[in-house]
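Engineer: the amino acid sequence is not available; the structure is as follows:
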């Protein structure tokens, strides 16, 4: 009887390990843009271990391009895909995803933890109509990067930077984002806000922003490839050593130190140039927030995991390994992070004055209206394009299409 009993117990154990709808330890799927340093993978393992076996986290990498990320997520979420538990959400998607009913609101202790110690701009990016919809994870804003061996002090305004660049001749090129995509919209909104404007558009600040774009694009300071330049193309061009100025995010610092140390040795940083002399620039906030899908099979575990992934230890890891600036303000005073991100104080000052892109479910259409109207930058005619831009943005806000 004993051998038969032993075989029966063994068989039951096998059956309990296979079959059934749920694995013994639930696996949470985190859909997020691919991150090259491995910081997200390490954070996932840490949080799974901290859960004491309550869950595992598996990363489902999304494309590097934010537009492609959104396209994949929108299709899956609209179809009710239950494979998504945690969403690595670009800061501009909050209103759209919340209004569509694709993400769950944060409340109670989880919301308090997600808000604690956060910088105001990243926290605002995760909020829609007074409700918190995501936990701020990483943040960013563009800075001015320049060659300290060619420029004694960074320019204060856009006009001053263009003048300085042209005076430097062939090495005075300014790298910026001019392709017809989200980066061009960021360029315009940052110039508009720095000129004292916002939506709905007013003539004077809008005209001023477009005049700067036109002047830059038609000057000798603009790269010939400006109309097809994104953040990465600008980074690569600056690393060749043939440019003296660059408008870009903080990832360029680690990249230059790794790929072009001779350039990094002479690389300085400053606030984004002002539009109005004596008035600080205001640039758009970027970054990544973590939301919980309404279709998740394990929403409470997903909230627990997202709270862990956005906690101080994981934000520090993402900053140290991946160069992704934290949303917890106290980390900017951390000595080790100050070494890893020597530009951190300038970035923090920039974020304190940062602006949001329009927080509306129709933001994608508004962004398309802007980038299609203003591309290529060299063809901008402010007298013609200010009213055209206002008309197209108004149509986008009314869901009337772009054509």
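Structural biologist: Received, thanks. Here the structure is a predicted model, which is why all the values come from computation and not from measurement.
Engineer: now do residue 129 against residue 94, distance only.
Structural biologist: In this view, residue 129 and residue 94 are 10 Å apart by CB to CB, to the nearest Å. All C-beta atoms are positioned from the backbone trio N, CA, C, and that covers glycine.
Engineer: between these two, which one's more packed in?
Structural biologist: Residue environment comparison for residue 129 versus residue 94 gives the larger neighbour count to residue 94, 26 against 9, counting by other CB atoms under 10 Å.
Engineer: okay, and that one sits in which element?
Structural biologist: Secondary-structure assignment from DSSP states H and E places residue 94 in helix 94-99.
Engineer: also residue 57?
Structural biologist: Secondary structure assignment for residue 57, by DSSP H and E: strand 56-62.
Engineer: after that strand, which helix or strand is next?
Structural biologist: The first helix or strand that comes after strand 56-62 along the chain, using DSSP H and E, is helix 66-78.
Engineer: next one, pLDDT for residue 22 please.
Structural biologist: According to the per-residue confidence, residue 22 scores 52 in pLDDT.
Engineer: with residue 211 instead?
Structural biologist: 98.
Engineer: that one belongs to a strand?
Structural biologist: No. With the criterion set as DSSP: H, G, I helix; E, B strand; the rest coil, the secondary structure at residue 211 is helix rather than a strand.
Engineer: how does the chain divide into domains?
Structural biologist: Split into domains by automatic domain parsing, the chain comes to 23-140+286-352, 143-284+362-397.
Engineer: what's the distance between the residue nearest the centre of the chain and residue 214?
Structural biologist: Per CA atoms, centre = their mean, the C-alpha nearest to the average position across the chain is that of residue 287, at 3.0 Å. As for residue 287, its distance to residue 214 is 30 Å (criterion: CB to CB).
Engineer: ramachandran angles for residue 237?
Structural biologist: phi -70, psi -40 (degrees, to the nearest 10).
Engineer: contact partners for it?
Structural biologist: Applying CB atoms under 8 Å, 6 or more residues apart in numbering, one finds that residue 237 lies in contact with 173, 175, 223, 225, 229, 243.
Engineer: now the residues you listed as a markdown table including distance to residue 41?
Structural biologist: Formatted as a markdown table, the entries for the contacts of residue 237 read as follows, by distance: CB to CB, whole Å:
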| residue | distance to residue 41 |
| --- | --- |
| 173 | 37 |
| 175 | 31 |
| 223 | 35 |
| 225 | 34 |
| 229 | 31 |
| 243 | 34 |
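Engineer: so, low pLDDT: which residues of the protein?
Structural biologist: Across the chain, the stretches falling below the confidence threshold (pLDDT under 70) are 1-23, 401-403.
Engineer: tell me the helix or strand right after the helix holding residue 94.
Structural biologist: Read in the C-terminal direction, the helix or strand following helix 94-99 is helix 108-115, with elements assigned using DSSP H and E.
Engineer: in the strand holding residue 57, what's buried?
Structural biologist: By neighbour count with 16 or more other CB atoms under 10 Å, strand 56-62 contains the buried residues 56-57, 59, 62.
Engineer: likewise stretch 226-241?
Structural biologist: Residues of stretch 226-241 classed as buried by neighbour count (16+ other CB under 10 Å): 226-227, 229-231, 233-235, 237-239.
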